[in-house]
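1. just coords:
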């Protein structure tokens, strides 16, 4: 599904990601863990095209996306959420989601001016996609609520729905469960499992170890930009190198 | 050769003023990530304050400069407390608009008290030194000397004192500074005060060679922005170097190319540079 | 907004010359309409797309000067010059946008501030082309037809109203469409928008060109109505005024530009003493608005309306839907 070969990203002499090779299988939950500053977010930024790698290759279903621009990577089916998602606070949940399907539409200024058939059809489609995504994350009832009136957990779900509305094959979730309580974390974990069940591939960065260990099919551990371990939760948990990395550095993640 | 040296002197004078103004702007940007559009208004208020102290209170030039520096420093602190502090977590466009609000307000207040007339400020250093055909205005010499003194003093302050060190620490790493328990509020107020002092001193130094009027800050602040973009936003040496580049470009451009268009030089330079390097001339690393 | 209130508003605008007690009021209203058109443009790039373009007033001046110089110096008729002004501001918008929009946030604002200033300096100094500080006189009025003579205040009022209505209609189309949603996604954040597959440059430039063309349109109408332009029309203060209008009215809303512009123009008109010192009030007003009321009049009103509707209308329905969600969650959990 997603294959990364010798990926390196230098920021002015410092390697944020250093020679990382990994393969994430389709239809699985893949987790990336590591101490703060290990290069996890940079890794996501490289895959999604925000940063261009210094060297190495990224293959998505065999297509080389290494130097592709962010929006084109998204069109190929890479959806993404961020640690914090800035949404249009005084617009409804649904209004925020409709743009999610924009990348599969083609209407331009001229269509707007003449209110073309194409525009109408595409807007209808985008709206349906948004509703479907909202339904998928279990927020249909909040369709008309303002984002400003949503809880932290609902916002997370809206962010998921926004990524899902792009019709992705793989979703990159950056700390999806940060800032929500344990019960809600459970709910979000279920949602990720549901995504996989519906044929998606999930890749997530997370600090909540209980959640990761309970659901990931594969875990990659980064430290100082380098891959120090990968494998099943069981393998990673007992890896001495991993234990060393977590105990050796500021180990907020172990909490 | 004489004209060339003359332009070197003029360039140094201009560059010193621009450098001082840009220094205050870049300090505030480095610490708070606010492009303070009101900085030019602080500069203008600085000039008017000195004018007020000299003409209406009859005090000496140096005393007026000190008084003006205090007033503008306090004004800077008030801006930080009342306006920028409450906006620190707002969308990025808000602090810029608020800065414009401050700018409009200060100009209107000055306009109300002093009108829009152009005023001349006197100086005890009105003589001219003739150095083998190169005319060095005493005020120009004073500007260059004061700038050297101020830059050295600021450097010592930032490097040798505890408060200075915290300012540097916060400019380099905001989150890290919070972690080690730096009082961010105090640093922010301090930075605004220093930035205000620099603006007031620069204005008082330059006003006798120029005129004092409510819109006098417009050109200066825009050039200061050009300078800190040239020198890297937040960089202290960058502000001085950038100031000199613009000062020299204007002195020489004004003489050899066109005096009417010399004010455009800075902006044209900016447009060209940002077109080629969107991250600025000396900016480093990823954004 | 409710369709009925829209027609009410339009009817009021159409009847205004009859309701006005003197021609001067009609003149003031027409000027306010012109500014409102420019503010609509500012709202497209800054309100919807989130890019603070401080050169907006400069594009207004370019539109005005294009009409002024083409009619006064080159003997064109108004309408061809009007079209030329639109094309010119669109093309310049494309060029300036292509360079400036590669910059983010602060850099973009500072860059456009400088562009605005360059425009002002050129208008002031380039005497061979712009007549310099004395400005341009003898600008042609819009050519009328039949008995309609656009040199008179009331016909020109209706002409400007026509364009204003067109601009509001067009903007509402954009706002509701996928295109407007794309702009708003960019305002929410470059990163997020890009991750949704939105081409940032293309869409930002499009928003920029739309906004500069609106500004050009407003400027061209201004030249045709006032029939005198000077470098002060390119003063950065006009951009600052427009920011105030937009913020008071409600940034990023459809009727914000109209509400803010008309409101402030009329308040300033009725309080003459404000004319000179209005910034003593508007400056702090801007600060207070961004700190306490960032939504402005229109935005606050819409939010209030929405919350009221949510609270009233959806009471019983909410309970029913909540139970539906519970079952949905159970299904998930069992899966």
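-> Received the coordinates, thanks. It should be emphasised that the depicted structure is a prediction, and the values quoted were computed from it without experimental measurement.

2. C-alpha only now, for contacts and for neighbours.
-> Noted.

3. Quick check, residue A:179 in contact with residue A:151.
-> No: counting by CA atoms under 8 Å, residue A:179 sits too far from residue A:151 to count as a contact (11.0 Å).

4. and the residue of chain A at minimum distance from chain B, how many neighbours?
-> The nearest approach of chain A to chain B comes at residue A:12, 5.4 Å away (CA to the nearest CA). Residues contacting residue A:12 under the criterion other CA atoms under 10 Å in any protein chain shown number 10.

5. Retrieve the pLDDT associated with it.
-> For residue A:12, the pLDDT comes out at 78.

6. and what of residue B:281?
-> 65.

7. what's the answer for residue C:94, then?
-> 97.

8. Kindly report the same for residue A:111.
-> Reported pLDDT for residue A:111: 92.

9. on contacts alone, who are the packing partners of the helix or strand that contains it?
-> Using DSSP states H and E, residue A:111 sits in helix A:109-114. Packing partners of helix A:109-114 (3 or more CA pairs under 8 Å, 6 or more residues apart in numbering or on different chains; DSSP states H and E): helix A:117-136, helix C:153-176.

10. buried ones in the last one?
-> Pointing back at helix C:153-176 there. Within helix C:153-176, the residues that count as buried by 16 or more other CA atoms under 10 Å in any protein chain shown are C:153-161, C:163-164, C:167-168, C:171-175.

11. element containing residue A:227?
-> Assigned by DSSP H and E, residue A:227 falls within strand A:226-231.

12. now the helix or strand following that strand: how far from the chain's centre is it?
-> Heading C-terminal from strand A:226-231, the first helix or strand you meet, by DSSP H and E, is helix A:233-237. Averaging C-alpha positions (CA atoms, centre = their mean, to the nearest Å) puts helix A:233-237 22 Å from its chain's average.

13. The next helix-or-strand element following helix A:233-237 versus strand A:226-231: what angle between them?
-> Once helix A:233-237 ends, the next helix or strand along the chain (criterion: DSSP H and E) is helix A:240-248. Here helix A:240-248 points in a direction 120 degrees away from that of strand A:226-231 (axes from the mean of the first three to the mean of the last three CA atoms, to 10 degrees).

14. From the contact counts, what lies against helix A:240-248?
-> Using 3+ CA pairs under 8 Å, 6+ apart, helix A:240-248 is in contact with strand A:226-231.

15. Any idea how far the strand it packs on is from the middle of the chain?
-> 20 Å.

16. now do stretch A:15-28
-> With CA atoms, centre = their mean, you get 14 Å for stretch A:15-28.

17. Please apply the same query to stretch C:163-181.
-> Worked out by CA atoms, centre = their mean, stretch C:163-181 lies 12 Å from the chain centre.

18. could you pull out the helices for the stretch 151-300 of chain C?
-> C:153-176, C:178-188, C:190-195, C:200-226, C:236-249, C:256-270, C:274-292, C:296-313 (DSSP state H, counting those that start in this stretch).

19. Nearest to residue A:60, out of those helices?
-> Checking the helices of the stretch 151-300 of chain C against residue A:60 by CA to CA gives helix C:190-195 as the closest, at 15.7 Å.

20. For chain C, which residues are neighbours of chain B?
-> Proximity of chain C to chain B, by CA under 8 Å from any CA of the partner chain, involves residues C:50-52, C:99-100, C:102-103, C:105-107, C:110-111, C:113-115, C:118, C:121, C:125, C:240, C:243, C:277-287, C:290-291.

21. filter those residues to the buried ones?
-> Buried members of these, counted by 16+ other CA under 10 Å: C:50-52, C:99-100, C:102-103, C:105-107, C:110-111, C:113-115, C:118, C:121, C:125, C:240, C:243, C:277-280, C:282-287, C:290-291.

22. List the contacts of residue A:245.
-> Applying CA atoms under 8 Å, 6 or more residues apart in numbering or on different chains, one finds that residue A:245 lies in contact with A:35, A:223.

23. what about it, distance to chain C?
-> Using CA to the nearest CA, to the nearest Å, we find residue A:245 at a distance of 31 Å from chain C.

24. Which pLDDT value belongs to that residue?
-> Confidence score, pLDDT, at residue A:245: 78.

25. Okay, and the residue in chain B positioned nearest to chain C sits in which element?
-> Closest residue of chain B to chain C, CA to the nearest CA: residue B:101 (4.0 Å). For residue B:101, the host element (DSSP H and E) is helix B:92-114.

26. With residue A:30 instead?
-> strand A:29-33.

27. Neighbouring strands - and their directions - for that strand?
-> strand A:201-205 (parallel), strand A:218-223 (parallel) (DSSP bridges).

28. Kindly reformat those as a markdown table and extend each row with mean neighbour count and mean pLDDT.
-> As requested, these are exported to a markdown table (neighbours: other CA atoms under 10 Å in any protein chain shown; pLDDT from 0 to 100):
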| stretch | mean neighbour count | mean pLDDT |
| --- | --- | --- |
| strand A:201-205 | 25 | 93 |
| strand A:218-223 | 24 | 91 |
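
29. Residue A:179 - nearest residue in space that isn't next to it in sequence?
-> Nearest non-adjacent residue to residue A:179, counting by CA to CA, 6 or more residues apart in numbering or on different chains: residue A:152, 7.5 Å away.

30. Please give me every residue in contact with the residue in the stretch 1-150 of chain C that chain A sits nearest to.
-> Per CA to the nearest CA, residue C:48 is where the stretch 1-150 of chain C lies closest to chain A, at 10.4 Å. Going by CA under 8 Å, 6+ apart, residue C:48 touches C:180, C:183, C:184, C:187, C:252.

31. Please report the distance of the last one from chain A.
-> This points to residue C:252. 10 Å.

32. The third one too?
-> Using CA to the nearest CA, residue C:184 is found at 8 Å from chain A.

33. isn't that residue right next to residue C:45, touching?
-> No: counting by CA under 8 Å, residue C:184 sits too far from residue C:45 to count as a contact (9.8 Å).

34. for the stretch 51-200 of chain B, what spans make up the helices?
-> B:61-79, B:92-114, B:138-160, B:162-172, B:174-179, B:184-206.

35. ok so, going back, who does the strand holding residue A:227 pair up with?
-> strand A:218-223 (antiparallel).

36. what's in contact with the partner strand?
-> Residues contacting strand A:218-223 (CA under 8 Å, 6+ apart): A:24, A:28-35, A:37-40, A:227-233, A:236, A:242, A:245.

37. Likewise for stretch B:128-135?
-> So stretch B:128-135 is contacted by B:2, B:3, B:5, B:6, B:136, B:137, B:138 (CA under 8 Å, 6+ apart).

38. If we use 7 Å, what do you get?
-> The contact list for stretch B:128-135, computed with CA atoms under 7 Å, 6 or more residues apart in numbering or on different chains, reads B:2, B:5, B:6, B:136, B:137, B:138.

39. which of those residues are buried?
-> B:6, B:136, B:137, B:138.

40. and stretch C:172-185, how far from the chain's centre?
-> So, by CA atoms, centre = their mean, the centroid of stretch C:172-185 is 15 Å from its chain's centroid.

41. what number of residues lie near residue C:39?
-> 32.
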